[in-house]
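# I would like to see how this sequence folds:
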Amino acid sequence: MELFLIGLGIGLLLFIISVIAHAHTKNVHKKEIQKIKQIVTQKMDLESDSLSQLKTDITALKEQNEHLRVSLRSMSQKTTKKEMTRFQIYERAIEIMSLKAPGFAPAWQTALRESEEEFDKVFFGLKPFKRRAVAAKITDKSDASLRIEDVTPRDDPSKDAE
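Next comes the predicted model:
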């Protein structure tokens, strides 16, 4: 029976050592879990803040995009060729009238008619067609672009600013 008690004592001693070791490892794991939980909550807070910042940025960019779209739509409404032609005629008539202004109404009508006739001669008919045909055949692009610009009216007033 002595051997039995010795074996039982050694077994209990080993059991107590293993329980203590298990409790120690459990405590170490608990501390690691707490650290990991703390790291995860900090990371989630940071991601939440950055996500809310991204949402506000997206909202601001959408608003800016809408404003730019509206601006682009308003800027893209070009004047028609007919309007530009009429504008050029009036501009030329004003130049003529400023030179011959004895009486406003007759001078204006005369200047307007002369301007329309001049415009028709420059931009329509056989002579401008010949100029365009010749300009298209010229290999020197700069010379061709000058002749084409001299013959054809501009549709885009933004090109004047360049």
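# switch to C-alpha atoms for all contacts and neighbour counts from now on
Will do.
# Which stretches in this structure count as helices?
If DSSP state H is used as the criterion, the helices of the chain fall at 2-76, 81-99, 104-123, 126-137, 141-151.
# Make TSV out of those helices and add mean pLDDT and mean neighbour count.
Below are those laid out as TSV (pLDDT from 0 to 100; neighbours: other C-alpha atoms under 10 Å):
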stretch	mean pLDDT	mean neighbour count
helix 2-76	93	12
helix 81-99	79	16
helix 104-123	76	16
helix 126-137	64	14
helix 141-151	45	14
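# which residues touch His22?
Residues near His22 by C-alpha atoms under 8 Å, 6 or more residues apart in numbering: none.
# That one and Lys30, how far apart?
According to C-alpha to C-alpha, to the nearest Å, His22 and Lys30 sit 12 Å apart.
# hey, C-alpha coordinates of stretch 109-118 in PDB?
The C-alpha coordinates for stretch 109-118 follow below in PDB (Å, rounded to 0.1, in the frame of the first residue of the first chain):
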ATOM      1  CA  GLN A 109     -29.000 100.000 -93.900                       C
ATOM      2  CA  THR A 110     -26.400 100.700 -96.600                       C
ATOM      3  CA  ALA A 111     -23.700  99.300 -94.500                       C
ATOM      4  CA  LEU A 112     -25.700  96.200 -93.600                       C
ATOM      5  CA  ARG A 113     -26.400  95.500 -97.300                       C
ATOM      6  CA  GLU A 114     -22.700  96.100 -98.300                       C
ATOM      7  CA  SER A 115     -21.600  93.900 -95.500                       C
ATOM      8  CA  GLU A 116     -23.900  91.000 -96.600                       C
ATOM      9  CA  GLU A 117     -22.800  91.400-100.200                       C
ATOM     10  CA  GLU A 118     -19.200  91.300 -99.200                       C
END
